[in-house]
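Chemist: build me a model from this:
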Amino acid sequence: LLMLLGLVIHAAAPYRDIGGWLVDEPGGSTLLTTISTWIYTFRMPAFFLLAGLLSAWALDRRSGPTFLARRAGRLLLPLLVCAATLNMLQQSWLEAEAARRCVVDAPCAVNLPVAAWLGHLWFLLDLFVYTV
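Modeler: Numbers count the residues shown, from 1 in each chain. Here you go, the predicted model:
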């Protein structure tokens, strides 16, 4: 259910009133903004709660070092592979596009988020830090 709600959030993103997506619909939708904001309030906290409960169960079955090694493989390996490939390519494209828009449209500053290389995988790093 939480994964399906993620689809709703990401499908509604271009139509949110607050914008901020790569492709925004002018005007937005108050209904989609309200629904996706409501889902944001509990979706990731619920994932983290489930991860903590399941981690406690797994830690009872394995020793600390074995548990940590397995968790690192499940969390850090996908993060590093994706960050070094897809996220870096996406970030370079976004930076080039933002710079192009500044030159074409008007003088402006290119403000890009810190640690953008994490992309949508920020939660993997957070979960690993919490695990440690």
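Chemist: which parts of this structure are helices?
Modeler: For the chain, the helices identified by DSSP state H occupy 2-12, 30-61, 64-82, 88-105, 122-131, in order along the chain.
Chemist: out of these, which gets the lowest mean score?
Modeler: Comparing the helices of the chain by mean pLDDT, the weakest confidence falls on helix 88-105, with a mean of 74.
Chemist: picking up where we left off before, how about the helices of the chain, which one is nearest residue 18?
Modeler: Between residue 18 and the helices of the chain, the shortest gap by Cβ to Cβ is with helix 30-61, which sits at 6.6 Å. (C-beta placed from N, C-alpha, C; glycine too.)
Chemist: would you turn the helices of the chain into TSV with distance to residue 18?
Modeler: As requested, the helices of the chain are exported to TSV (distance: least, Cβ to Cβ, whole Å):
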stretch	distance to residue 18
helix 2-12	11
helix 30-61	7
helix 64-82	26
helix 88-105	19
helix 122-131	19
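Chemist: now those helices as JSON lines including mean neighbour count?
Modeler: Formatted as JSON lines, those follow (neighbours: other Cβ atoms under 10 Å):
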{"stretch": "helix 2-12", "mean neighbour count": "13"}
{"stretch": "helix 30-61", "mean neighbour count": "13"}
{"stretch": "helix 64-82", "mean neighbour count": "14"}
{"stretch": "helix 88-105", "mean neighbour count": "12"}
{"stretch": "helix 122-131", "mean neighbour count": "15"}
